[in-house]
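Undergrad: can you look at this prediction? I've put the sequence above it.
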Amino acid sequence: MSTMIKGRARLLGDDINTDLHCSSKYLPGKNTDYIAKVAFEQLAPGYASRFQPGDILVAGRNFGHNSSREQAAHVLKIMGAGALVALSFGRQFFRNAVNNGLPVVECAIDGIEDGDEVVIDLAAGTLAVPARGIERRFPPLAPQMQALLAEGGLIPFLRKYPDWSVRGEQ
């Protein structure tokens, strides 16, 4: 995975728990491909159908709070999310996203509009919306998390480095 990510912003609001995009009414019994087609339907009808591969989900406070449901991150991966940007994330969701190979960025989102092109540099810890002159800094992810993302998530990382070494370092 490149440390540079570009995509269109797809906005959501504050306090979006995992039931709002990976509703328990679909689990068990429906596969995650189906759930990805109806994600966020209760919150923003048609959101999943407007979301295109490479788009960047942009949300407010507490995105993904109150659940450890890993399917929530997996559904966003199936939808093709290029990255997730929010003012804050539920901690379990944050880690599930990284484990599933989804870049997560915590920073201010004010001024970002739906459809804006967002440019993220994970290594430098910057987010920009060139058309609006927005430039934000965020703390870069720990090198270990960046290594997981570079390999596509925890499982691909462990398949490549079964001894847990980062990029072959001992």
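TA: Cool, got the structure.
Undergrad: mind giving me the packing neighbours of the helix or strand bottoming out on mean pLDDT in the chain?
TA: Ranked by mean pLDDT, DSSP states H and E, the helix or strand of the chain with the weakest confidence is helix 32-37, at a mean of 79. In terms of contacts (3 or more CB pairs under 8 Å, 6 or more residues apart in numbering; DSSP states H and E), helix 32-37 is packed against helix 47-50, helix 71-79. For the C-beta atoms, the positions are set from N, CA and C on the backbone; glycine is no exception.
Undergrad: check which element follows the longest one along the chain.
TA: For helix 71-79, the succeeding helix or strand toward the C-terminus, using DSSP states H and E, is strand 83-86.
Undergrad: what residues does that following strand touch?
TA: 5, 7, 9, 56-61, 63, 76, 97, 102-107, 109, 112, 118, 120, 127 (CB atoms under 8 Å, 6 or more residues apart in numbering).
Undergrad: are any of those buried, and which?
TA: The neighbour count (16 or more other CB atoms under 10 Å) marks 5, 7, 9, 56-60, 63, 76, 97, 102-107, 109, 112, 118, 120, 127 as buried among these.
Undergrad: so of those residues, which ones are in helices?
TA: Taking DSSP state H, the ones among the buried ones among the contacts of strand 83-86 that sit in helices are 76, 97.
Undergrad: in this protein, where is pLDDT below threshold?
TA: For the chain, the stretches with pLDDT under 70 are 1-2, 21-30, 67, 165-170.
Undergrad: which strand of it spans the most residues?
TA: strand 4-11 (DSSP state E).
Undergrad: just want the angle from it to helix 71-79.
TA: Strand 4-11 runs at 110 degrees relative to helix 71-79, counting by axes from the mean of the first three to the mean of the last three CA atoms, to 10 degrees.
Undergrad: any idea how far strand 4-11 is from the chain center?
TA: Once both centres are worked out by CA atoms, centre = their mean, to the nearest Å, strand 4-11 turns out to sit 10 Å from its chain's centre.
Undergrad: before I go, just wanted to say thanks for your time.
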